[in-house]
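Student: Provide a 3D model corresponding to the input given below.
(chains A, B and C)
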Amino acid sequence: MEIEDIEEIDNVQMKDKEIVIPGEVLSEDLTNFTPGRGTTKQGKKIISLFVGLKVIRKNYINVIPLRGIYTPTEGDKVIGVIIDKNPVKWTLDINARNCGILKPSNTVERTQKFKKGKPDRVRETTEKFNVGDVLIVKITQADRLHRPELTTQGKYLGKRNSGKLIEIPPPKIPRIIGRKGSMINLLKNMTNCNIFVTQNGRIWIQGDNFEHEMLLIDTIHKIETEAHTSGLTDRIKEFIINEKIKRGIN
Amino acid sequence: MSLSKILVSTERKYILNNLKRDKRIDGRDLYQYRDIKIDNNIVKAAEGSAEVHLGKTCVITGVKYELGPPFPDMPDKGVYTVMAELIPMSWGAFEGGPPDERAIELARLIDRPIRSAKTIQNDMLCLIPNKLVYIIFIDVYSINYSGNLIDSGAISALTALVSSKIPTAKIVDKEKAEFEWDGGYFNTKKLLKNLPISVTFGKIDDVVFVDPNLTEELVMDGRITYAFDDDGNLVSLQKGGLATFSIDEIKSLARKAKELGDKLRKDLDLWQYQNLKNK
Amino acid sequence: MSLLIKDESPEKLIGEDGKRLDGRDLNELRSIKMEVGVIPNADGSAYIEWGGNKIYAAVYGPREVHPRHDARPDRGILRTFYRMTTYSVSERKRPAPGRREKEISLVIKNAIEPVLFLELYPDSAVEVYIEVISADGGTRCACTTVAILALVDAGIPMRGLITAVAAGKVDGKLIIDCSGDEDKSGEADLPCAITWYNNQISLLQFDGIMDLEEFDRSLDLIMEALEKIHKLQEEALKKRYIDVRNNLKNYKPEVVPTSNIEEKIDLNNQKNQNGGDQTE
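Tutor: The predicted structure follows:
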């Protein structure tokens, strides 16, 4: 799902997008339409590969999947959890079909010294992090055949010592972010929580109190179930206001 | 979802911090069970069956019987066994193949209260002493594992037993061990005497809570399971995991477990699942 | 050792009125109910109630292959595990998987694999676990039908659905969708699955006796039934999402529209190129 897709779905005036299933014929008109994402050409027809929403943009027919796993892409920031370590590398579960690999050399902070060409004298071992640690990492290398390479060098990256991790189907992540970030801002402002959303379907949250965090988690799950409907932002706003009254929190 | 099978260190901190303030991650109190939903008679081919939902945990149990020789040390008593299968369908980290330690411990934990409380009147299950008795199989399958399979498994085993329709036999020829169906079924109200209810507590650090869910079960240090029969006697007890408990803690938890067990017994009212056709 | 009540199969499976034992016409299916997304732990799952059959299917993956040497560098592998619970059949089944279960697992795998784009997931495995809770004839067809729903729910890309059904012959008459009794005492059984993207048969077995003319007619019967089941599959897949929408149909916003909020938010703060979003 891309920002434009969300705009189309979120437009209240427009009708709900058609839900299609694998093999469903989207069009038999190959002169005016081209198969886009989530579709393929089967004989003289364009068919869907996923259960998802049919979106036509220009002459492309796309299907936005509603379910599916995350495919690592270079440059993505993802939340990973260390599941294994040995002296030369950490293995991180990044909610993709392969685990990611983090090497100690990719976790060295770029300090002043480092920039001058003298890397800080940190021994390159895997003592820094332990199994179970939550890391926000960036994918530096990803292809179909190898395990993705990760790094913690960069803004906002690194270990999270507290907070709560939740997981939703990765295709629904764009709805948590919303059009130009409208949904995530709504959530942040109304629940006073820190939120970090990543494309692999994981959301890290931390709020000032338990009630706000609970409300946020419930709201995220509501967005998850209603991801394919229009007018979501308005409904979520109403939901939070009503729930706040019901639960007696500000 | 893959997060459900890996240990997350922040999760433990998060759960523990909130537990210390009497808050559970799913909004429950420390001593509150998740919602329990029971369906019986779901499998046509089984003599008795029950599907129990405890929150997101789902367990399906079936009761089958065979006729066979008794154990040599109990020649005039029927035999019953409990088997538990943690099938890979129910959780990403369960593996196929023969039952592992976890599945066997679960089966024994479900079996023990039933055996200690003498729930099944197994002298009724004898046809010809030393030769022919009923063998009852209670098979528990996890369908979705979301914590606390012990309590949900125990409830489903009892429900399946209560709702079972086991045919009664009459002996035609004692010497040749010939027998036939006399057209009736065992009345489970007579066959079963006592329905022991298990109550499992989890422990993280020094906080104890009842009915751990999946995330809590993954990060907790250990658990303790109590089972009480109808008369309020302790019939089974097992500490699991690495946690240790003080004597006072064990004593006070026993009372808490009895209280929770009594409430569960009243709320669930397992006898209502008896099939009315039974004589 | 032995059971008290012996399976008494009735002498006639088709009554005087031309109806079957359960009151169905010769070309009538049993009632079929399907549901998607029933096992929260799984990546995709489905449940089917087909007459007396009750079957769960769950998909995990694509995920890393264990043991590693099973992996293929050019494409993902599909593994199916057809298992029956011990209490699903009238005589208690032994807990360990038998030869029959292994064969059916393979048959189902071969039926499903042609429609999946497994080449997108080299070095990985997609695992389908099928558990028969209650069996009443035609489980391999019901399992194929429900397994594909679980795979769709897991978001595995595919060319189209698969549907399976069995035809049979009892008392010299051709019937569709044999029940347990008809299966046991029938004269022939012909399970069959279709891949809808090219209308080809991907599962085909036969046992019993039939002449070629009857065989042709059974295939016609099967095609007719497959169309019906395919419709039910489509409905089950869409129902989950359409229900959410229908529940919202009567929704009327009581709160001010979002435009008021957006004014408060400094949109320039947002950097979403990588999906990452941070307030720290």
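
Student: buried residues in the host helix or strand of residue C:231?
Tutor: Per DSSP states H and E: residue C:231 is located in helix C:212-248. By neighbour count with 16 or more other Cβ atoms under 10 Å in any protein chain shown, helix C:212-248 contains the buried residues C:214, C:218, C:221-222, C:225-226, C:229-230, C:232-234, C:236-238, C:240-241, C:245. In this view, the C-beta of every residue, glycine as well, is placed from N, C-alpha and C.

Student: what pairs with residue 20 across the strands?
Tutor: Just going to use chain A. Counting by DSSP bridges, residue A:20 forms beta bridges with residue A:52.

Student: wrong one, I was asking about chain C
Tutor: With DSSP bridges as the criterion, residue C:20 is bridged to residue C:14.

Student: go on, residue A:158?
Tutor: Bridge pairing for residue A:158 - DSSP bridges - gives residue A:136.

Student: Contacts only, for the nearest residue to residue C:157 once chain neighbours are set aside.
Tutor: Distances taken as Cβ to Cβ, 6 or more residues apart in numbering or on different chains put residue A:49 closest to residue C:157, at 4.0 Å, once the chain neighbours are dropped. Neighbouring residues of residue A:49 by Cβ atoms under 8 Å, 6 or more residues apart in numbering or on different chains: A:22, A:38-40, A:63, C:117, C:157-159.

Student: will you turn the residues you listed into CSV that also has secondary structure, neighbour count and distance to residue C:105?
Tutor: Shown next, in CSV, are those (DSSP: H, G, I helix; E, B strand; the rest coil; neighbours: other Cβ atoms under 10 Å in any protein chain shown; distance: Cβ to Cβ, whole Å):
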residue, secondary structure, neighbour count, distance to residue C:105
A:22, coil, 27, 22
A:38, coil, 24, 30
A:39, strand, 26, 31
A:40, strand, 17, 28
A:63, strand, 30, 31
C:117, coil, 14, 21
C:157, coil, 22, 23
C:158, strand, 26, 19
C:159, coil, 20, 22
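
Student: Just the closest of the residues you listed to chain B, please.
Tutor: Among the contacts of residue A:49, residue C:157 lies closest to chain B (Cβ to the nearest Cβ), at 19.3 Å.

Student: does that closest one really touch residue A:22, like I thought?
Tutor: Yes: at 7.5 Å, residue C:157 and residue A:22 qualify as touching, with contact defined as Cβ atoms under 8 Å.

Student: Show me which helix or strand of the chain is least confident by mean pLDDT.
Tutor: Since no chain was named, I'll use chain A. In chain A, no helix or strand scores lower on mean pLDDT, DSSP states H and E than helix A:112-115, which sits at a mean of 56.

Student: meant chain B actually
Tutor: Going by mean pLDDT, DSSP H and E, chain B bottoms out at strand B:178-185, a mean of 82.

Student: Do the helix holding residue C:231 and chain A come into contact?
Tutor: Yes: Helix C:212-248 comes into contact with chain A (Cβ under 8 Å from any Cβ of the partner chain), by way of C:234, C:237-238, C:241-242, C:244-245, C:248.

Student: Tell me which two of these sit farthest apart.
Tutor: Pairwise distances across the residues of helix C:212-248 next to chain A (Cβ to Cβ) peak at 21.8 Å, for the pair C:234 and C:248.

Student: if we can go back for a sec, overlap in contacts, residue C:157 and residue A:22.
Tutor: A:49-50.

Student: Would you mind measuring the gap between the ends of stretch C:37-49?
Tutor: With Cα to Cα, to the nearest Å as the measure, stretch C:37-49 spans 14 Å from end to end.

Student: I'd like the average pLDDT over that stretch.
Tutor: Mean per-residue pLDDT for stretch C:37-49: 95.

Student: Which residues lie in contact with whatever residue of chain C ends up closest to chain B in this structure?
Tutor: The nearest approach of chain C to chain B comes at residue C:87, 2.7 Å away (Cβ to the nearest Cβ). Applying Cβ under 8 Å, 6+ apart to residue C:87 gives the contacts B:43, B:45-46, B:49, B:62-64, B:137, B:139, C:93.

Student: Doesn't it belong to a strand?
Tutor: No: Residue C:87 sits outside any strand when classified using DSSP: H, G, I helix; E, B strand; the rest coil, being coil.

Student: any idea how far it is from residue B:229?
Tutor: Per Cβ to Cβ, to the nearest Å, residue C:87 is found 26 Å from residue B:229.

Student: again with residue A:49
Tutor: Using Cβ to Cβ, one gets 57 Å for the distance from residue A:49 to residue B:229.

Student: And residue C:115, by the same measure?
Tutor: Residue C:115 is 54 Å from residue B:229, by Cβ to Cβ.

Student: Next up, the contacts around residue C:138.
Tutor: C:50-51, C:53, C:165-166, C:177-179, C:183, C:191.

Student: got a list of what the most centrally placed residue in chain B touches?
Tutor: Centroid-nearest residue in chain B: residue B:154, 1.3 Å away (criterion: Cα atoms, centre = their mean). By Cβ under 8 Å, 6+ apart, the residues touching residue B:154 are B:109-110, B:113, B:196-198, B:227.

Student: Show me what the longest helix along chain B is packed against.
Tutor: Secondary structure of chain B per DSSP state H: the longest helix is helix B:247-268. Helices and strands touching helix B:247-268, by 3 or more Cβ pairs under 8 Å, 6 or more residues apart in numbering or on different chains; DSSP states H and E, are strand B:36-40, strand B:197-204, strand B:207-210, strand B:222-228.
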